[in-house]
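Asker: Compute the structure for the input listed below.
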Amino acid sequence: MLELRGVTHRYGETAALDSVDLAIPDGECVLVAGANGSGKTTLVRHFNGLLEPDSGDVLVNDTPVADDLVATRASVAMVFQNPRDGFVSATVGADVAFGPENLGLPRADVNERVADALENVGMAERADERIDELSGGEQARVAIAGALAMQPDHLVLDEPFTGLDWPARESVLERLQDLHADGTSLVVVTHDLRDVWQIADRVVALSDGEVAVRGSPEDVREKLPDLGVRVP
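Answerer: Numbers count the residues shown, from 1 in each chain. Have a look, this model is predicted:
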């Protein structure tokens, strides 16, 4: 479970999050929606300790994030809006291996995780290719593979469809559907719900750093356009 309890985060005098309470059970697919500047990215960056709250508590699997950052980041993997922001190696295989290597796993286990992750995103034969020579959609899949190689309980994706053409969007969406079916918790940050509406269990919409709407997609559909969110 991912849980925020009364979390406030400020940038200077501005409250990007204001006393937010939110719980995401294991296996749930949650869309975090809202207009630009509503607090979406700030919220999810608390889930794996990239940001610390000014007040309130963040827990992953009932453990405060600050108590064990290594365990938190093994459990919560994040894919950034621009995949290039998360790459640390020149080639596909080396980048996907980076996370498991930093867990101190034996080389055989690292290799197995890399192979499985690349298979899951349809890039099993491309481990030796340079990331900077891939298309935007292929880079997005590599970023997801890097997250999958950590074998996380929870996968957080920040605007995963930005800049992707339709075939690439379809490919990424297919992988997310498979992960959800296998029981991985998904948190997808987006301002446009059309791509992921059909796999969502719940929508949480932010406005000015507060949770303005939460509920099943159909229960909240009519309320979302007023918050700057596009629905199918």
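
Asker: elements contacting the lowest-mean-pLDDT helix or strand in the chain?
Answerer: Averaged element by element with mean pLDDT, DSSP states H and E, the chain has its least confident helix or strand at helix 166-181 (a mean of 81). Where contact means 3 or more C-beta pairs under 8 Å, 6 or more residues apart in numbering; DSSP states H and E, helix 166-181 is packed against helix 136-148, strand 185-189. C-beta here means a position set from N, CA and C on the backbone, and glycine is covered the same way.

Asker: What average pLDDT does the last one get?
Answerer: For strand 185-189, the per-residue pLDDT values average out at 94.

Asker: I'd like the numbering to begin with 26 instead of 1 from here.
Answerer: Done: numbering now begins at 26, and the last item shifts to strand 210-214.

Asker: what angle sits between it and helix 191-206?
Answerer: Between the axis of strand 210-214 and that of helix 191-206 there is an angle of 140 degrees, by axes from the mean of the first three to the mean of the last three C-alpha atoms, to 10 degrees.

Asker: Show me the helices in this structure, by range?
Answerer: 65-69, 94-100, 117-127, 132-145, 161-173, 191-206, 242-245 (DSSP state H).

Asker: List the contacts of stretch 220-230.
Answerer: Outside stretch 220-230, the residues that touch it by C-beta atoms under 8 Å, 6 or more residues apart in numbering are 47, 53-59, 63, 186, 194, 198, 201-202, 205, 211, 213, 215, 218, 236-242, 245, 248-249, 252, 254, 256-257.

Asker: So for that stretch, first residue to last residue, what's the gap.
Answerer: Taking C-alpha to C-alpha, to the nearest Å, stretch 220-230 runs 16 Å from one end to the other.

Asker: Where does pLDDT dip in this structure?
Answerer: Residues of the chain that meet the criterion pLDDT under 70 lie in 188.

Asker: Show me what the residue nearest the centre of the chain bridges to in the sheet.
Answerer: The central residue of the chain, meaning the one whose C-alpha is nearest the mean C-alpha position (C-alpha atoms, centre = their mean), is Val181 at 1.5 Å. According to DSSP bridges, the residues that bridge with Val181 are Met103, Val212.

Asker: neighbours of the nearest residue to Gly171 once chain neighbours are set aside, just the number please.
Answerer: When the adjacent residues along the chain are set aside, Gly171 lies closest to Val121, with 4.8 Å between them (C-beta to C-beta, 6 or more residues apart in numbering). Using other C-beta atoms under 10 Å, Val121 has 30 other residues around it.
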